[in-house]
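In: Quick one: sequence plus predicted model below, questions after.
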Amino acid sequence: MEHEHEEPTLRSDPVVLAAQRLLGVSYLYPYQRLVVAHILDGARRAKLSLEWPPDLVPLEEPPSVSPGGDSPPKSDVRAEDDDWESLGRQIVILPTGAGKSLCFQLPALLLQRPTLVIFPILSLQADQNRRLSERGWDPLLLRGGQTGEEREKIWNRLDRGDGKFIIANPEVLLTESMIRRLGDLKIAHVVVDEAHCVSEWGESFRPAYLRLGEIIEASQAPLVTAFTATASNEVLEKIRSYIFGPPGAHTIIGNPDRPNIDYTALGTLLPDLTVRDLLRDHPKPAIVFCGSRSRTVQLARYLRVELPGTECKFYHAGLERNEKKAVEAWFFQSTDGVLVATCAYGLGVDKPNIRTVIHRDCPPSVEAYLQESGRAGRDGEAAEAILLWGPEDRRALERLTSEAERSRLGALLSYGRDVSQCRRHQLLELLGVEDGYCPPGPVACDVCRGKARAEEREVPSILRFFRANRRRYTLHEAAQIMAEDPLCRWTEDNVREALKLLLQRRALKTKGGFFWKGHLTTGPTSTLPPGNKGNGKP
C-alpha cells in the first residue's frame with residue numbers, strides 16, 4: 001500500500017523538529033529552511049550519511065528543497081541559477097541578524113562528517129566558538145601559533161570522529177602542511193562566512209582570500225556554501241569566481257533591507273566632536289567604527305574624558321588574545337557601554353541589543369557599511385546607523401590607487417552627500433535592489449524626516465559668525481572667541497582646524513590691506529545648498 005504524504009508542516013517537518021531538538025529554536029524562517037534543504041539535498045546527491053535523532057528519521061530521505069511550511073514572499077527571498085548539478089554549492093545572501101549561522105550549524109549536526117567553517121577574523125571565530133561551546137559542542141579551532149602537540153590532539157579527535165565543527169581562517173589552511181592534511185579530514189561541508197571579504201580584503205591586504213578555491217579543492221568537500229549579508233552584483237561575481245570557479249553555484253538572495261534601522265548621514269569637519277555629541281543624545285549600547293587601530297585608541301581615550309560616567313573601550317586586531325576576549329566579554333554583557341572598534345570587531349559578532357552604530361570614518365564600500373551598520377538592532381527593536389563623512393574621507397579617496405577601490409568608496413561618499421533621495425533607497429539601489437524606501441512609521445532616515453543636510457554640520461554656524469563679524473577677527477582671535485562657547489565645547493585647536501579647512505575651500509577668505517590684513521570674512525563659496533525637506537521619494 002502506498003503511503004499518502006501530507007504537505008510538510010511545522011509539526012511534521014523533520015528539519016524543523018531537528019532544529020527544535022538540537023538547537024532549541026521553535027521555528028525556522030522560510031529562507032533558513034530553504035538553505036538547509038539545499039545542503040541536505042546536496043548531501044543526498046553526494047551519498048553522505050546523515051545522523052537524524054532516532055525519532056525524527058524521515059520516511060523519505062531527505063526533505064525536498066521546497067522550503068516547507070510558509071513559502072517565502074518573492075520580495076524577501078529569491079533563488080537564482082536553479083541548476084541541480086550545482087545544488088551542493090550555493091551562495092547565500094541574507095541580511096545581518098537573519099540567522100545565517102543556523103543555516104550551517106543544523107546540517108553540521110546531522111552530517112556524520114565534519115563541517116569546516118572559514119571565518120575572516122579572530123573575534124568572529126571566538127564568537128562562534130563561544131556559541132557552539134555553550135550548547136555543549138566542542139568545536140576544533142585551527143589557528144596560528146598552535147604547538148605540534150595541540151595540533152596532534154585535534155587530528156586525534158577527528159580520527160575518532162569526535163568533532164562536528166572545524167573553525168579556521170584562510171591563512172592557517174593555506175600552509176603547506178595543512179593543505180596536505182585537508183584531504184584526509186573527510187570534510188563534508190566547507191562554509192565560507194562573510195564571503196564578501198573575497199572582494200573587500202582579498203584584492204588588497206588578505207591575498208589568502210583569493211585562494212579559497214585551493215582550500216576547497218584540497219578538502220575534497222562535496223558541499224560548499226558561501227554566506228554574506230550584502231553583495232552587489234560585482235561582489236557576487238567575484239565570490240563566484242574566487243570560491244566556486246567554473247562549476248558555479250546556486251544563489252539564494254534575501255532582501256538586505258533592515259526595516260528597524262534608521263539611517264542617517266552627517267557631514268562634519270570635526271568627527272571626534274561629532275561622535276561625542278551623538279553619543280550624548282543617542283541610545284546605547286553603541287559601537288563607533290574607525291578606519292585605523294590608532295584612531296580607535298585615541299577616540300576611546302577622548303570619549304572617556306568627554307563623557308564621564310560612560311564606560312568606553314577600544315578593540316582592534318592588534319590587541320593580545322586575552323585583551324580581545326576581555327573586551328568581547330565586557331561588551332557582550334554591557335547595557336550602556338560604548339565600543340570603539342575597527343572592522344576587526346564588526347563581522348558577525350552576535351550582540352542583539354546594540355542600539356546605535358556610528359561610523360567615524362567611511363568604510364571602503366556599501367557592502368562593508370551595511371555589514372557593520374547591521375550590528376545594530378539584531379533583536380528587531382528600533383536602532384540607528386549614522387555615517388559621518390567629511391574632508392578626511394575625501395583625502396582617503398584621493399590616496400587610493402585602485403580604480404575599483406575608488407569607485408566603491410566614491411559611491412558611499414556620494415550616498416552621504418546626496419540629500420535628494422531616501423537613504424534606504426540609495427543603499428538598496430547600490431546593491432541592485434529596486435523600490436526600497438523607508439516604511440511609514442517612526443523609523444525613517446534623515447532625508448525622509450526632512451533633517452538631512454548637504455554641508456558639514458559646523459559650517460552654517462561658522463559662516464553665520466563671520467557674516468556677523470566681517471573683517472573683525474583674525475583666525476587665531478576667532479578661534480579663541482568661538483572656543484569659549486560653553487554649548488559647543490570646542491577647543492581652540494578644533495576651531496582653527498575647521499577654519500583652515502573652510503579657507504582651503506574658499507568658504508572663508510582673509511582680507512588684505514593695512515587695517516584688515518589677516519582678518520577673516522566669508523568667501524565666494526560660502527553659499528551652500530540647504531538640507532532637503534522632502535520625503536526622499538520621487
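Out: All right, it came through fine.

In: use CA for all of it now, contacts and neighbours both
Out: OK.

In: Okay, and Val327 sits in which element?
Out: Here Val327, judged by DSSP states H and E, is contained in helix 321-333.

In: Which secondary structure elements does the helix or strand following that helix sit against?
Out: Following helix 321-333 in sequence order, the next helix or strand is strand 338-341 (DSSP H and E). Here strand 338-341 is seen to pack against strand 286-289, helix 293-306, strand 312-315 when contacts are counted using 3 or more C-alpha pairs under 8 Å, 6 or more residues apart in numbering; DSSP states H and E.

In: Quick one: mean pLDDT over the helix or strand following strand 338-341.
Out: Next helix or strand after strand 338-341 toward the C-terminus (DSSP H and E): helix 343-346. For helix 343-346, mean pLDDT rounds to 76.

In: outside of helix 343-346, which residues touch it?
Out: With C-alpha atoms under 8 Å, 6 or more residues apart in numbering as the test, helix 343-346 has contacts from 121-124, 289-291, 315-317, 371-372, 375.

In: go on, stretch 311-322?
Out: Here stretch 311-322 has contacts from 293, 296-297, 300, 303-304, 324, 327, 336-345, using C-alpha under 8 Å, 6+ apart.

In: Sort out which residues of it are buried, please.
Out: Of the residues in stretch 311-322, Glu311, Cys312, Lys313, Phe314, Tyr315, His316, Ala317 count as buried by neighbour count, 16 or more other C-alpha atoms under 10 Å.

In: my guess is Trp490 contacts Ile481, does it?
Out: No: contact criterion C-alpha atoms under 8 Å: Trp490 and Ile481 do not qualify, at 10.4 Å.

In: the more surrounded of these two?
Out: For Trp490 versus Ile481, neighbours defined as other C-alpha atoms under 10 Å are more numerous around Trp490 (18 against 12).

In: And for that one, nearest residue in space, chain neighbours not counted?
Out: Ala483 (5.0 Å; C-alpha to C-alpha, 6 or more residues apart in numbering).

In: and if you look at Pro285?
Out: Counting by C-alpha to C-alpha, 6+ apart, the residue nearest Pro285 is Asp336, at 4.5 Å.

In: Select the helix or strand of this structure having the lowest average pLDDT value.
Out: Using mean pLDDT, DSSP states H and E, the weakest-scoring helix or strand in the chain turns out to be strand 77-80, at a mean of 55.

In: next SSE after that one?
Out: The C-terminal neighbour of strand 77-80 among helices and strands, as given by DSSP H and E, is strand 89-93.

In: what mean pLDDT does that next one have?
Out: The average pLDDT within strand 89-93 is 92.

In: counting contacts, what elements does the next helix or strand after that strand pack onto?
Out: Where DSSP H and E defines the elements, the next helix or strand beyond strand 89-93 is helix 100-110. Helices and strands touching helix 100-110, as assessed by 3+ C-alpha pairs under 8 Å, 6+ apart, comprise helix 14-23, helix 30-45.

In: Would you mind writing the CA trace of helix 100-110 as CSV?
Out: In CSV, the C-alpha atoms belonging to helix 100-110 read as follows (Å, rounded to 0.1, in the frame of the first residue of the first chain):
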residue,chain,number,x,y,z
LYS,A,100,22.8,32.6,8.9
SER,A,101,24.8,30.6,11.5
LEU,A,102,21.8,28.3,12.0
CYS,A,103,21.8,27.5,8.3
PHE,A,104,25.1,25.7,8.6
GLN,A,105,25.0,24.6,12.2
LEU,A,106,21.9,22.5,11.8
PRO,A,107,23.3,20.5,8.8
ALA,A,108,26.6,20.1,10.6
LEU,A,109,24.8,18.4,13.5
LEU,A,110,23.1,16.0,11.1
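
In: out of the buried residues of stretch 311-322, which one sits closest to Glu458?
Out: Cys312 (25.4 Å; C-alpha to C-alpha).

In: And the pLDDT at the closest one?
Out: We have a pLDDT of 97 for Cys312.

In: which residues pair with it across the strands?
Out: Beta bridges link Cys312 to Val338 when assigned by DSSP bridges.

In: So among the contacts of helix 343-346, where is pLDDT lowest?
Out: Out of the contacts of helix 343-346, that is Ser123, at 73.
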